[in-house]
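> whatever this is, show me its structure:
(chains A and B)
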Amino acid sequence: MAAGHIHRLHSPGDTTIHRLPPQCKLASMIAFTLVVVATDPTRFPAFGLYALLLATVAVAARIPPAFLARRMVVEVPFVIFALALPFLAQGDRLIVLGLEMSADGLLAAWNILAKATLGVIASILLAATTEPRALLLGAQRMRLPAPLTQIAAFMLRYLDVIVDEMRRMRIARESRGFVARDLRHLPVVARSAGALFIRSYERGERVHLAMLSRGYTGTMPIIHDVRGTAAQWALAAMLPTAAAAVLLGGLL
Amino acid sequence: MHVPDGFFTVALSVAGAAVAAGGIAVCLRGARRELDERMAPMAGLVAAFVFAAQMLNFPVGAGTSGHLLGGALAAILVGPYTGFLCVAVVIAVQALFFADGGLTALGINITLMGLVTVLMGYGTFRAAGAILPRSRTGIGVAAFVGAAVSVPASALVFTAMYAIGGTSSIDPLKVALAMGGVHVIIGLGEGAITALTVTTVLAVRPDLVYGARGLIRRAQLRTASGEPVPVAQHRTGRAETSKARPFLLGGVAAAAVLAGVVSFYASASPDGLERVASDLGFLSQAKDHPLAGSPLADYSVEGVEDERLSAGLAGLLGVGASLLVGGGVAWLVHRRERRRRLAQTSAEARPGEQQTTESATTESVTTEP
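From the prediction side, this is the model:
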């Protein structure tokens, strides 16, 4: 179970990676993670090379390692699951550091840890170098249905407003001496959720009316179009191509 | 619950993405019916609400706390189609902007936490609502049952997926017991908070609860003498299909390429379930599956000698079959909807009669003081 998402991942900058059109970066990162997931977990050197590739991108985008490390906490629940695997899985047993483990489980734990970590780093790099609005524009250029990207855009735009509203309600609860200790306090929390829903929905109605009065007809105008040049696509393709070369190099 | 990259095999990730894309395509049509042109702002705000509600921690007891999944809650409050879209957008935003849940596992995450919770939650809610009295308490109890069922259902589907395409070999039964046990308790918490939230909203703005629309009587226009007057229904705009087509075709092409090319290179080592079977020694005595003689048995095409080529072909055929089933369902839904709409328009466009009554009633309404 993940906790709340408080940290925004975007890290403004003006490097080549930041300037790449969002759809190039999106396609590049998805292709890269697909290659990583398709790799046989026993090919240990390949994962080192993948990590090196991501490190190159991070250096090129001037993303400090501490920034990456702090935002990798979202992975923690599955790290715990992966660490439990060697003791739960079946198969040949072997003794590591005086503990009996399953060889198969150990491999599975490595598999999840390595791939999930690479995946999380790739996602963080994508989100850190791309403005949320631009990323949605890129998704729309990749022919994602417009209603879907519009919903996501509205969600991102009003997220802080709604979360702030919730925070004010929590402060109001706590300033009246409320502390959620056990299940008997559930109704209070639920009533806050109900109130939050009504406020969000009514805000949605007001936003819609305000948009109608400004000439909204169901589609959002695209103010500046981001078209990728061939050179930019080639630059973005370098990451998955290199990864695919590592993958195929081992297979052939 | 956000599954990261590498947890499931590529084939299963692609299958999950196909299921999620199919669900989104169906729900985009449905949500247009539920919200018409208000869809984007309203669904966006509800998605922000679901995101914020997931941050509400509630104490489960013994020092631990759970948080809401929100699939059932969203479906009951704004309808299953819009609810699923909201949850799907929330999960996609969490993966893209907060690095929570893998990019390749996005389809699986949307299927597990969106599709399963919305389908099971809303389905159970409606089924329970049919038995229970149509009152605020009845709706609350139905919401509790729906949400409480949705969480362990999601955990069980996760277990089934893990048995099919997980990357390690834990006894599926053990996983099912562990996951199921924990999630039954989490489900009770989810059910309680969902029911209380729904009843709170019902008390203040009953018109906002989609799942309780039957409770509210529609406002009626009456003449001064008290006869009810028929009012023309507001018609929703036509769903546009052309925009979604390139997206769908792209998805089909990607699935075909991945199934064909990736399974060409897929490893031939036994999967988790086969491994468990061989460890426990029941592989040797296992009878072959009744379909083992079929032309696609064991992911290869009979009569094609090259093992890799054969696996690739089997993958392609598998994608084709999935598409046929998914497309069939979508087509049936679409056809029913179109028929319904045609019936509606023909009823409205009955010549003469309707118009005269309408003008007559407006006259009577306006002239009589």
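> show the contacting residues for A:Ala127.
By CB atoms under 8 Å, 6 or more residues apart in numbering or on different chains, the contact set of A:Ala127 is A:9-10, A:135, B:96-99. Using the backbone N, CA and C atoms, a C-beta is placed for each residue, glycine as well.
> where along the stretch 51-200 of chain B do the strands fall?
For the stretch 51-200 of chain B, applying DSSP state E, counting those that start in this stretch gives strands covering B:57-61, B:64-67.
> check the average confidence over the longest one, would you?
The reference is to strand B:57-61. The predicted model assigns strand B:57-61 a mean pLDDT of 59.
> the last one too?
For strand B:64-67, the per-residue pLDDT values average out at 59.
> quick one: the helices in the stretch 101-250 of chain B?
For the stretch 101-250 of chain B, the helices defined by DSSP state H, counting those that start in this stretch cover B:106-109, B:117-131, B:136-165, B:172-204, B:244-257.
> so can I have a markdown table of these showing mean pLDDT?
Listed next are the helices of the stretch 101-250 of chain B as a markdown table, based on pLDDT from 0 to 100:
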| stretch | mean pLDDT |
| --- | --- |
| helix B:106-109 | 90 |
| helix B:117-131 | 90 |
| helix B:136-165 | 88 |
| helix B:172-204 | 82 |
| helix B:244-257 | 60 |
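> now for A:Pro187: which residues touch it?
B:Leu196.
> how about the secondary structure of it?
helix (DSSP: H, G, I helix; E, B strand; the rest coil).
> how far away is it from B:Thr124?
Distance, A:Pro187 to B:Thr124, using CB to CB, to the nearest Å: 22 Å.
> for A:His10, same thing?
A:His10 is 40 Å from B:Thr124, by CB to CB.
> between these two, which has more neighbouring residues?
B:Thr124 (21 against 16; other CB atoms under 10 Å in any protein chain shown).
> the closest residue to A:Arg133 other than its chain neighbours sits in which helix or strand?
Once flanking residues are discounted, A:Arg133 sits nearest to A:Ala153: 7.1 Å by CB to CB, 6 or more residues apart in numbering or on different chains. Counting by DSSP states H and E, the element that carries A:Ala153 is helix A:146-175.
> what residues of that helix count as buried?
Residues of helix A:146-175 classed as buried by neighbour count (16 or more other CB atoms under 10 Å in any protein chain shown): A:146-159, A:162-163, A:165-166, A:169-170, A:173.
> quick one on the thing from earlier: among the helices of the stretch 101-250 of chain B, which is the most enclosed?
Across these, averaging neighbours per residue (mean count of other CB atoms under 10 Å in any protein chain shown) puts helix B:106-109 on top, at a mean of 25.
> who's in contact with it?
Against helix B:106-109 from outside (CB under 8 Å, 6+ apart): B:1-3, B:8, B:12-21, B:91-92, B:95, B:101-102, B:161.
> quick one on the thing from earlier: give me the pLDDT for the residue nearest to A:Arg133.
The confidence metric pLDDT takes the value 86 at A:Ala153.
> pick out the residue of the stretch 151-252 of chain A closest to chain B.
Closest contact between the stretch 151-252 of chain A and chain B, by CB to the nearest CB, is at A:Phe154 (2.3 Å).
> spit out the contact partners of that residue.
Per CB under 8 Å, 6+ apart, neighbours of A:Phe154: A:207, B:40-41, B:43-45, B:47-48.
> inside helices: which ones of these?
Secondary structure from DSSP state H places A:207, B:40-41, B:43-45, B:47-48 of those in helices.
> and which of those is nearest to B:Val149?
B:Ala47 (23.2 Å; CB to CB).
> what about the closest one, neighbour count?
So B:Ala47, with other CB under 10 Å, has 33 neighbours.
> A:Leu106 now?
18.
> distance check, it against A:Ile112.
Taken as CB to CB, the span from A:Leu106 to A:Ile112 is 11 Å.
> give me the common contacts of the two.
Contacts common to A:Leu106 and A:Ile112, judged by CB under 8 Å, 6+ apart, are A:Leu85.
> dump the residue contacts of B:Gly161.
No, residue B:161 isn't Gly; it's Met. B:8, B:12, B:16, B:108, B:112.
> quick one: contacts for the second one?
With contact taken as CB under 8 Å, 6+ apart, B:Leu12 is in contact with B:108, B:161, B:164-165.
> confidence score at it?
Confidence score, pLDDT, at B:Leu12: 86.
> flag the shaky bits of chain A, pLDDT-wise.
Chain A contains residues with pLDDT under 70 at A:1-8, A:74-75, A:77-78, A:86, A:88-101, A:183, A:223-225, A:250-252.
> tell me, what residue is most central in it?
A:Ser123 (5.0 Å; CA atoms, centre = their mean).
> identify the residue nearest that residue in space, chain neighbours excluded?
With CB to CB, 6+ apart, the residue lying closest to A:Ser123 is B:Ala99, at 3.9 Å.
> gap between that neighbour and A:Ala128?
In terms of CB to CB, B:Ala99 sits 9 Å off from A:Ala128.
> so between the two, which is more surrounded?
Neighbour count, other CB under 10 Å: between B:Ala99 and A:Ala128, B:Ala99 has more, with 30 against 22.
> for B:Ala19, which non-adjacent residue is closest in space?
Quick fix: residue B:19 reads Val, not Ala. B:Val19 sits nearest to B:Thr111 (CB to CB, 6+ apart), 5.0 Å away.
> check that neighbour and give its pLDDT.
91.
> correct me, but it touches B:Gly22?
No. Counting by CB atoms under 8 Å, B:Thr111 stays clear of B:Gly22, with 9.8 Å between them.
> more neighbours, those two?
Between B:Thr111 and B:Gly22, counting by other CB under 10 Å, B:Thr111 is the more crowded of the two (25 against 21).
> residues in contact with that one?
B:Thr111 neighbours (CB under 8 Å, 6+ apart): B:16, B:19-20, B:23, B:157.
> mind checking which of the residues you listed are in helices?
Those of the contacts of B:Thr111 lying in helices (DSSP H): B:16, B:19-20, B:23, B:157.
> I'd like those as JSON lines, with distance to B:Val229 appended.
Output for these, formatted as JSON lines (distance: CB to CB, whole Å):
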{"residue": "B:Gly16", "distance to B:Val229": "51"}
{"residue": "B:Val19", "distance to B:Val229": "47"}
{"residue": "B:Ala20", "distance to B:Val229": "46"}
{"residue": "B:Gly23", "distance to B:Val229": "41"}
{"residue": "B:Val157", "distance to B:Val229": "50"}
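> ok, of those, which come out buried?
B:16, B:19-20, B:23, B:157.
> can I get the contacts of A:Phe154 in a markdown table including distance to A:Gly228?
Formatted as a markdown table, the contacts of A:Phe154 follow (distance: CB to CB, whole Å):
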| residue | distance to A:Gly228 |
| --- | --- |
| A:Val207 | 32 |
| B:Ala40 | 26 |
| B:Pro41 | 30 |
| B:Ala43 | 29 |
| B:Gly44 | 27 |
| B:Leu45 | 32 |
| B:Ala47 | 28 |
| B:Ala48 | 30 |
